[in-house]
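A.B. asks: Provide a 3D model corresponding to the input given below.
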Amino acid sequence: MMTQKQKTILIYVTPAVLLCIPLLGNMFSEEFDWSPGDFVIGAVLLFGTAFIIDLIQRIVKNKTYKILLGGAVLILLLLVWAELAVGIFGTPFAGN
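C.D. replies: Take a look at the predicted model:
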């Protein structure tokens, strides 16, 4: 069983590892074209999501509610990320 400290470390290391993927892509490939602003937005989204999930893990006692709330937060992250990337909803913030 993981301790609360180990869970917290895992929650905050995951976004850092995910942000290393486009960083390495920018360094070694012409296919990636992330600007510093893209990294800032990605970091805010990923670490903000990690913070909210960490709060859910600490505050909510019922395991079922933890899973449901965490899943809802992750789905919201994916929808926002997709909107910023390709504009699936057609908002003014839409990407390409």
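A.B. asks: so Pro22, which of the three states?
C.D. replies: Recorded secondary structure, Pro22: helix (DSSP: H, G, I helix; E, B strand; the rest coil).
A.B. asks: tell me the contacts of it?
C.D. replies: Phe32, Trp34, Asp38, Phe39, Gly42 (C-beta atoms under 8 Å, 6 or more residues apart in numbering). Yep, even glycine has a C-beta here, placed from its N, CA and C like the rest.
A.B. asks: Would you mind stating the distance between it and Thr91?
C.D. replies: Distance, Pro22 to Thr91, by C-beta to C-beta, to the nearest Å: 22 Å.
A.B. asks: can you pull the pLDDT of the residue lying closest to Asp38 once chain neighbours are set aside?
C.D. replies: Spatially, and ignoring its direct neighbours in sequence, Asp38 is nearest to Pro22 (7.6 Å; C-beta to C-beta, 6 or more residues apart in numbering). Pro22 carries a pLDDT value of 95.
A.B. asks: got it, and Leu55?
C.D. replies: 97.
A.B. asks: same thing with Asn96?
C.D. replies: Confidence score, pLDDT, at Asn96: 66.
A.B. asks: Same check on Ile9?
C.D. replies: Looking at Ile9, its pLDDT stands at 96.
A.B. asks: ok, and it, which helix or strand is that part of?
C.D. replies: helix 4-28 (DSSP states H and E).
A.B. asks: Where do the helices of the chain begin and end?
C.D. replies: Assigned by DSSP state H, the helices in the chain fall at 4-28, 36-59, 63-86.
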